[in-house]
Every structure is written in structure tokens, then in C-alpha cells.
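Visitor: quick one: sequence and predicted model below, then my questions.
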Amino acid sequence: MRASSNMKITVHGAAGEVTGSAYLVETERARVLVDFGMFQGGPGHDAKNVLSAGLLSTHLDAVLLTHAHLDHVGRLPLLMKAGYEGDIHATGATRDLAGLILRDSAKVQAYDTERRNRKRAAAGKPLLTPLYLPEDVEKTVQHFHGIVEFDRPFSPAAGITARYVDAGHMLGSASIELTIQDKGKTWVVVFSGDIGPTGLAIVRDPVTFKRADIVFMESTYGDRDNKPLRETLAEFRAIIEDAVKQKSRVLVPAFAVGRSQQIIYHMDELFCSGALNPFPVYLDSPMAIEASKIYRSHPDLFDEEATALVRACEVVRGQHYVIPTPTPEESMRLNDATGPCLIMAGSGMCNAGRNLHHLRHGLSKPETAVMIVGYQAEGSLGRQLVDGAKEVRIFGESVPVKAQVHTLNGFSAHAGQTALLSWLGHLAPSKPQVVLTHGEARGRDPLAELIRKHYGIRAVLPVQGDIIRP
Ligand SMILES: [Zn+2]
């Protein structure tokens with residue numbers, strides 16, 4: 001069978017790690033790239049953020065995106081630099097959010113490169129150049145042509161039909177099914193993208209597929225189930241109610257895209273249901289303010305609860321409790337804001353950004369509450385707070401931690417082990433070849449074992465550059 005088809009898929013990232021997602025699908029007639037994400041944080045990630053020789057020499061017909069996160073879109077500007085002329089297909093929300101995320105990425109790179117180059121210049125080392133510039137990002141954004149709608153199949157290249165369904169991971173996120181014709185044979189290949197958990201705020205639950213020949217599946221949390229959202233929401237509510245009683249200021253370090261909108265949604269739930277009287281929620285991040293605008297401009301993608309909440313909030317929102325503070329001056333004035341209030345600022349792991357100022361100002365005060373709502377990597381300031389540090393260093397100063405620090409673990413935008421297994425359960429009767437990606441060994445190894453036990457399928461665990469054939 002193998003000799004009769006040329007169809008093959010090369011794994012160009014997220015193989016044994018959670019970043020750098022990229023797959024090249026090739027048939028005799030067509031070449032399509034699914035996602036082209038940036039490697040972030042892993043060993044040697046800088047060296048891996050390149051257009052590999054295999055891609056550089058390939059004429060691409062189209063690019064398909066599952067969703068807007070940097071680890072799925074972050075290398076796209078490299079394609080433009082290499083002269084890519086084709087379309088980038090994505091949902092409208094992914095197009096808008098990817099533009100925001102890529103522009104921010106170019107800015108961060110420019111800043112980082114300048115900072116590192118100052119040291120390198122002083123040490124007489126050759127200077128670095130950023131991976132790409134803002135103008136490469138603008139060129140990229142111009143290639144987002146066809147806007148993809150869920151469940152409306154289209155043909156991105158000769159002999160290939162693509163169908164997007166909602167993946168429930170962030171606004172506009174998709175899983176993609178490709179029906180591929182090659183030399184008289186037809187193959188169905190599914191790319192899960194990142195799969196959301198059931199019940200994630202704002203977005204709909206992930207949609208599954210019925211059959212496939214090959215499934216590329218994420219395995220981020222293949223080793224565990226996340227804490228149930230309703231338990232986390234009960235903790236969330238208790239913290240907010242306590243803040244009202246104590247008139248405290250709640251500091252929330254949050255990623256600008258996704259998590260910030262999720263937290264505002266849960267505040268809306270409390271305020272608009274009449275459970276609590278609205279108090280100011282400061283959105284102290286220019287990027288989160290932009291992302292929130294993009295979210296609001298795609299109400300067609302909201303789930304039923306979010307649609308109902310928008311309606312319920314119409315009246316209460318008239319009180320304007322969500323207050324954007326885009327400028328640095330407005331941000332600084334928040335030092336004088338009285339409680340109860342909630343201040344949400346980046347960065348999500350407290351390594352940089354405006355929340356460092358808020359933490360320096362608030363950590364030493366027992367009436368401050370810090371609410372950690374996202375993953376904190378080893379070595380980050382956020383992680384030190386989660387681990388109960390009594391003193392931390394911010395801007396070179398030591399700051400005693402007297403604030404109450406709460407860690408909420410159930411806001412994940414990824415499906416846990418049980419949900420991943422049941423997602424695959426719909427496809428399993430068609431006995432596909434299952435390729436586990438987007439997961440470290442600790443996630444994908446146990447998931448592979450469970451897939452074998454439950455469905456009798458031996459999953460493939462590729463390394464970077466591996467080629468998958470039907
Ligand atoms: Zn993602």
C-alpha cells in the first residue's frame with residue numbers, strides 16, 4: 001500500500017515538546033503546511049526557530065492554521081521572508097488574534113535582541129538579529145485571505161479538502177480534517193490542534209470526528225486530569241467575596257489572550273447574576289485590551305452561556321466596571337486605587353510587564369490578595385509566590401511577601417487525560433494511525449499506554465523530522 005501513494009506528512013515541531021507545532025503534508029500534486037509555530041523555552045529553542053532545509057526548498061501551496069497561539073503561528077513571518085506567496089487559511093478570530101500575537105512577538109524580539117546585544121557589544125561578541133521584524137509580520141497578516149468557517153469544507157490545494165471544527169481551546173481555535181486524494185486513493189488525516197476542556201468559558205466545547213486514517217493528536221496533559229473548573233470557580237468566588245469584605249485589592253497576573261477574557265467572564269458572571277455588587281476590574285494591559293476587543297467582535301463563536309451572559313450583562317455593564325488602562329500613566333495611577341478592586345496585568349508569570357509594579361507596591365501589604373490563575377514556570381517570580389516565598393526580589397529590591405497568595409489550578413484551556421481519551425474514542429473504531437505530538441514525554445507516554453489499553457492502537461511518538469505515511 002505504501003508504495004502506491006506518495007502522501008506523506010513531515011513533523012516539523014512539537015515532537016516530544018509542547019511548542020513549535022508544524023506539519024508538512026505532501027502529495028504528488030500538493031504541499032500544505034499545517035501550523036508553523038515558534039519553539040519557546042525548551043533547550044536550544046533559538047536554534048530551532050528556523051525554516052528548515054526541507055521547507056525552504058519546498059514550494060508550498062497553502063498554510064492552514066489551527067489557532068492563534070504563538071507556538072502555532074510564531075514562525076509564519078519566516079515563510080514571508082523566504083518569499084511565500086500563497087494563502088494562510090484561518091478562522092476570522094484566529095486571523096485577528098494571530099495578528100495581535102505576531103505583532104507583539106516582533107516587539108518582544110526587538111526588545112530582547114537590543115538588550116542582549118548591549119551585553120554582547122560590551123563583550124566584543126558578534127551582534128544578534130531578531131528572527132523577524134514588524135514589517136515581516138505585516139506581510140504575514142496580508143496573506144490571511146480566505147476566512148474559514150466551521151464545518152464549511154474548502155479546497156486549499158489540488159486534491160485536498162479541508163474541514164475545520166471548533167476545538168474549544170481559545171476563540172476561533174480549530175481541529176482540522178483533511179481529505180486527501182493521491183494517486184486514486186483517498187486518505188483522511190485529522191489534526192487535533194490544541195483541544196479545550198469541556199465547559200471552558202466563552203467558547204464552545206470541542207467537536208470530534210468519526211473516522212480517520214491518521215490522527216495527529218496533542219498530549220499536553222496526557223498524564224493527568226486538571227482540577228474541575230467548578231471547584232476552581234468556587235475558590236475564585238470565595239476570594240472575590242473576601243476581597244469585598246476586606247476591601248482588598250486583588251492582583252491577577254494573566255496572559256493577555258484567553259486567560260484575561262476568561263477571568264473577566266467569570267467576574268461578569270458574579271456581577272451580572274446579582275451575586276455581588278460590581279466593583280472596578282482594571283484591565284491593565286494594552287494587549288489584553290486589544291484581545292478583549294477581538295473577542296467581543298466575534299460573538300458568533302460564543303457558546304450559549306456566553307451569549308446569554310452578554311445579554312444579562314447589558315444593563316449591569318452600563319456601570320462600566322471593566323476599566324481599561326492602556327497608558328503607563330493610567331497604570332501608575334492604579335497605585336492609588338482603593339479596594340475592593342481587581343487589577344489584571346501581564347506578564348502571566350510575573351517575569352516582566354506592568355504587574356511587577358503592582359506586585360512591588362502590593363506584596364508587602366497584608367490587605368492585598370494575589371490570585372495566580374495560570375501556569376508558572378520554574379524560576380519565574382510567579383512560581384516563587386506559588387511556592388510560598390516569604391521574600392522576593394523585584395527590580396533589584398527585596399520585597400517581603402505579606403499579601404495572601406491564592407493559586408487556582410483549574411482554568412486550563414487544555415483537555416486533561418480523560419477528555420483526551422474520550423476525544424479519540426470517537427475516532428478509535430476506524431482504527432487510525434495515532435501520532436502523539438504537542439506533549440513532553442511525561443504527557444504523551446502515559447497517554448500512549450492508555451490508548452493501547454483502551455483502543456488497541458499503538459500510538460506513534462515522533463521526533464522532529466520524522467515522516468508519517470499511511
Ligand atoms: Zn494553544
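Guide: Structure received. Numbering: from 1, shown residues only.
Visitor: helix, strand or coil for the closest residue to Pro286 other than its chain neighbours?
Guide: Distances taken as C-beta to C-beta, 6 or more residues apart in numbering place Pro326 nearest to Pro286, at 5.0 Å, with adjacent residues excluded. Every C-beta, even on glycine, is put in place using the N, C-alpha and C of the backbone. Look at Pro326: counting by DSSP: H, G, I helix; E, B strand; the rest coil, its state is coil.
Visitor: quick check: pLDDT value at Pro326.
Guide: For Pro326, the pLDDT comes out at 96.
Visitor: which residues touch the closest residue to the ion within the stretch 301-450 of the chain?
Guide: Nearest residue of the stretch 301-450 of the chain to the ion: Ala413, at 6.8 Å (C-beta to the ion). Contacts for Ala413 (C-beta atoms under 8 Å, 6 or more residues apart in numbering) come out as His169, Met170, Asp194, Gly196, Pro197, Leu200, Gly258, Arg259, Gln262.
Visitor: do Leu65 as well
Guide: Residues in contact with Leu65 (C-beta under 8 Å, 6+ apart) are Val34, Asp35, His72, Val73, Ile88, His89, Ala90, Thr94, Ala98, Ala174.
Visitor: which strand or helix spans the closest residue to the fourth one other than its chain neighbours?
Guide: So the one you mean is Val73. Excluding its sequence neighbours, the residue lying closest to Val73 (C-beta to C-beta, 6+ apart) is Ala98, at 4.7 Å. Element membership for Ala98, per DSSP states H and E: helix 92-122.
Visitor: for Arg163, the count of nearby residues, please.
Guide: For Arg163, the number of neighbouring residues by other C-beta atoms under 10 Å comes to 19.
Visitor: equivalent analysis for Met80, please.
Guide: Counted with other C-beta under 10 Å, Met80 comes out at 20.
Visitor: mind checking how far it is from Ile88?
Guide: 10 Å (C-beta to C-beta, to the nearest Å).
Visitor: any common contacting residues for the two?
Guide: Residues within reach of Met80 and of Ile88 at once, by C-beta under 8 Å, 6+ apart, are Thr140, His143.
Visitor: which positions within stretch 191-198 qualify as buried?
Guide: Residues Phe191, Ser192, Gly193, Asp194, Ile195, Gly196, Pro197 are the ones in stretch 191-198 that count as buried (16 or more other C-beta atoms under 10 Å).
Visitor: what about Cys341, how many neighbours?
Guide: By other C-beta under 10 Å, 19 other residues sit near Cys341.
Visitor: surely Thr368 touches Lys247?
Guide: No - the pair Thr368 / Lys247 is not scored as a contact, 11.3 Å apart, by C-beta atoms under 8 Å.
Visitor: could you check which of those two has the larger neighbour count?
Guide: Remark: of Thr368 and Lys247, Thr368 carries more neighbours, 24 against 12, as counted by other C-beta under 10 Å.
Visitor: what pLDDT does that one get?
Guide: 96.
Visitor: give the contact list for Asp445.
Guide: Contacts of Asp445 by C-beta under 8 Å, 6+ apart are Gly222, Asp223, Leu461.
Visitor: out of the residues you listed, which one sits closest to the ion?
Guide: The ion has its nearest neighbour among those in Gly222, at 15.2 Å by C-beta to the ion.
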